[in-house]
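Peer 1: fold the stuff below for me.
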Amino acid sequence: MTKTLWRKHILPFAVLVGLLGVGTVLGDYVLHRLDLVWIGRYLGIPGTLLIIGSLAYSLRKRKMISSGSPKSLLSMHEFSAWLGSLLVLIHAGVHFNAILPWLATVAMGINTISGLVGKLLLGRSREHVQAQRDHYQLRGLSRSEVEQAVFWDAVTLDAMTRWRKVHIPIFVAFAVLGLGHIISIFLFWGWR
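Peer 2: Modelled structure (predicted):
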């Protein structure tokens, strides 16, 4: 029995997002439990630097830089953005004392999920739907029967393709909100 698009591609995506959530809660819990909450205050800095570093792939993809292998830069982009997001989420913790950082955190979360959609789902899902089409054609089904057989997988793929279009605009929103948060920290921090 062939694996469905859901089990083969969406479930691993959900697990990776779940690990991000569990890692955030666990990291925040450990810092609170060990009375090291002050460390969380500073985790936003390496998290932000990792996210900024992950942009090298985007710059290479858009031919703004010419060095680096696109494949290795993509791997670095995926790892750095995920780890940076984890650090920023631990930094955010469960503290509800300001709206700007929370808006930036929500925008980052949406952007991270959108990026994971691109990484884990879209490419593999396209391959899966095409493999299913090929499989049914080899079995001798007509074009309309093939399309009917892969209908729900194709609908799922189409929805995911549209969803990914939020990745860049949400990144811009995240960048603006994050920059606003950083500037406000420099303006209002009690520099002792």
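Peer 1: going forward, measure contacts and count neighbours with C-alpha atoms only.
Peer 2: Noted.
Peer 1: tell me which element the residue most central in space within the chain falls in.
Peer 2: In the chain, the residue lying closest to the centroid (Cα atoms, centre = their mean) is Thr112, at 2.4 Å. According to DSSP states H and E, Thr112 maps onto helix 99-116.
Peer 1: now swap in Leu141 and tell me
Peer 2: For Leu141, there is no host helix or strand (DSSP H and E).
Peer 1: next one: phi and psi at it?
Peer 2: Dihedral pair for Leu141: phi -70, psi 150, per degrees, to the nearest 10.
Peer 1: let's see the pLDDT reported for it.
Peer 2: Leu141 is assigned 85 on the pLDDT scale.
Peer 1: hang on, isn't Ser54 packed against Met76?
Peer 2: Yes - between Ser54 and Met76 a contact is recorded at 6.4 Å, counting by Cα atoms under 8 Å.
Peer 1: more neighbours: which of the two?
Peer 2: Neighbours were counted for Ser54 and for Met76 using other Cα atoms under 10 Å; Ser54 has more, 22 against 18.
Peer 1: secondary structure element holding the more buried one?
Peer 2: Assigned by DSSP H and E, Ser54 falls in helix 37-61.
Peer 1: from the chain's centroid, how far away is that helix?
Peer 2: With Cα atoms, centre = their mean, to the nearest Å as the basis, helix 37-61 stands 13 Å off its chain's centre.
Peer 1: on contacts alone, who are the packing partners of it?
Peer 2: Applying 3 or more Cα pairs under 8 Å, 6 or more residues apart in numbering; DSSP states H and E, one finds that helix 37-61 contacts helix 11-33, helix 70-92.
Peer 1: over to the residue located most distally from the centre of the chain: give its phi and psi.
Peer 2: Distance from the centre of the chain peaks at Gly140, with 39.6 Å (Cα atoms, centre = their mean). The phi/psi pair for Gly140 (degrees, to the nearest 10) reads phi 90, psi 10.
Peer 1: quick revisit: dump the helix or strand that the helix holding Thr112 is followed by to CSV, restricted to CA.
Peer 2: Sequence order places helix 123-138 as the next helix or strand after helix 99-116, per DSSP H and E. Written as CSV, here are the backbone C-alpha positions of helix 123-138 (Å, rounded to 0.1, in the frame of the first residue of the first chain):
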residue,chain,number,x,y,z
GLY,A,123,9.1,19.6,-3.4
ARG,A,124,8.4,16.1,-2.1
SER,A,125,4.7,16.6,-2.6
ARG,A,126,5.1,17.5,-6.2
GLU,A,127,7.2,14.4,-6.7
HIS,A,128,4.6,12.3,-4.8
VAL,A,129,1.7,13.5,-7.0
GLN,A,130,3.7,13.0,-10.2
ALA,A,131,4.7,9.5,-9.1
GLN,A,132,1.0,8.7,-8.3
ARG,A,133,0.0,10.0,-11.8
ASP,A,134,2.8,7.9,-13.4
HIS,A,135,1.7,4.9,-11.4
TYR,A,136,-1.9,5.1,-12.5
GLN,A,137,-1.0,5.8,-16.1
LEU,A,138,1.2,2.7,-16.1
